[in-house]
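Enquirer: build me a model from this:
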Amino acid sequence: MSIKTILYISVFLLINTSLFGQSGVYSITEKMSNFQTGGTVFDKVFVTNPNGTVTTYDIPHFTQDVPGHNSQLMTIINNITALGYKIIESEGWNYPFYVYDTPTSAHYLRTMFLGIPWTTAGLIPAGVNDSLIKITNVFPNPTSNVVNLKFASSSNNSKLYLIHSGGYIINEFDVTNLADFSVNTSLLSNGSYLFVLVSNGIYSESKSLIKQ
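Expert: Numbers count the residues shown, from 1 in each chain. As a prediction, this is how the structure comes out:
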């Protein structure tokens, strides 16, 4: 399932909104001039981190300095994968999109998404008698714009994770001592997701979500 819609606005318009404030996904967008149409030659890489902050890098144009271009681009990618992130998918990476600025001017655009795989390693499975926070309701489900969750019990340290079907963390929320919580799903791609609840290092439970 594609997750390109999740960060589409922040990547291609390069804006920072509160919706992406807890996103667990990095994006790398390369925008490069088409030397055949003339004008300024440029090759820029925009890295959007999980907090929505965009960092811009100027690297050698791939048509003018292939080794330099590839070396600097790989350094950017490797700096992120060194943090534990894995490539989820790419949009136009092998065959960049051709985007017209004017009828006679255009540039190339390609984007890569990186996320941290979800794992239960190090977590303790919940026991029958464990008194932990529970998800009692997820509604509406299916949803289009907003999903609401209700919880029972309480915990001093509770995290709610939104996982997409590829097994990567999309969002992480602190739901400590909350009775209810709402998540904006308007920019999620349609498909299946999973809410996973972890309380005090104990894997409490999970609930499915359908975005349509």
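
Enquirer: so how far is residue 65 from the residue nearest the centre of the chain?
Expert: The centroid of the chain falls nearest to residue 25 when counting by C-alpha atoms, centre = their mean (2.7 Å). Between residue 25 and residue 65 the computed distance is 30 Å (C-beta to C-beta, to the nearest Å). (C-beta placed from N, C-alpha, C; glycine too.)

Enquirer: avg pLDDT for the lengthiest helix in the chain?
Expert: If you go by DSSP state H, the chain has its longest helix at helix 66-81. Helix 66-81 shows a mean pLDDT of 95.

Enquirer: CA atoms only for the next helix or strand after it - export them in PDB, please.
Expert: In the C-terminal direction, the helix or strand that comes right after helix 66-81 (DSSP states H and E) is strand 86-91. Output of strand 86-91 as PDB, limited to C-alpha atoms (Å, rounded to 0.1, in the frame of the first residue of the first chain):
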ATOM      1  CA  LYS A  86      14.500   1.700   6.200                       C
ATOM      2  CA  ILE A  87      13.300   2.600   2.700                       C
ATOM      3  CA  ILE A  88       9.500   2.100   2.600                       C
ATOM      4  CA  GLU A  89       8.900   3.100  -1.000                       C
ATOM      5  CA  SER A  90       9.900   5.600  -3.600                       C
ATOM      6  CA  GLU A  91       8.000   7.800  -6.100                       C
END
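
Enquirer: list the pairing partners of strand 86-91 within its sheet, with orientation.
Expert: strand 105-115 (antiparallel) (DSSP bridges).

Enquirer: okay, the angle between the strand it pairs with and helix 66-81?
Expert: 30 degrees (axes from the mean of the first three to the mean of the last three C-alpha atoms, to 10 degrees).

Enquirer: tell me how many other residues surround residue 77.
Expert: Residue 77 sits with 17 neighbouring residues when counted by other C-beta atoms under 10 Å.

Enquirer: give me the number of residues near the spatially closest residue to it that is not a sequence neighbour?
Expert: Nearest residue to residue 77, sequence neighbours excluded (C-beta to C-beta, 6 or more residues apart in numbering): residue 28, at 6.5 Å. Residues lying near residue 28 (other C-beta under 10 Å) number 22.

Enquirer: repeat for residue 44
Expert: 15.

Enquirer: just the one 10 residues further on next, same as before
Expert: For residue 54, the number of neighbouring residues by other C-beta under 10 Å comes to 15.
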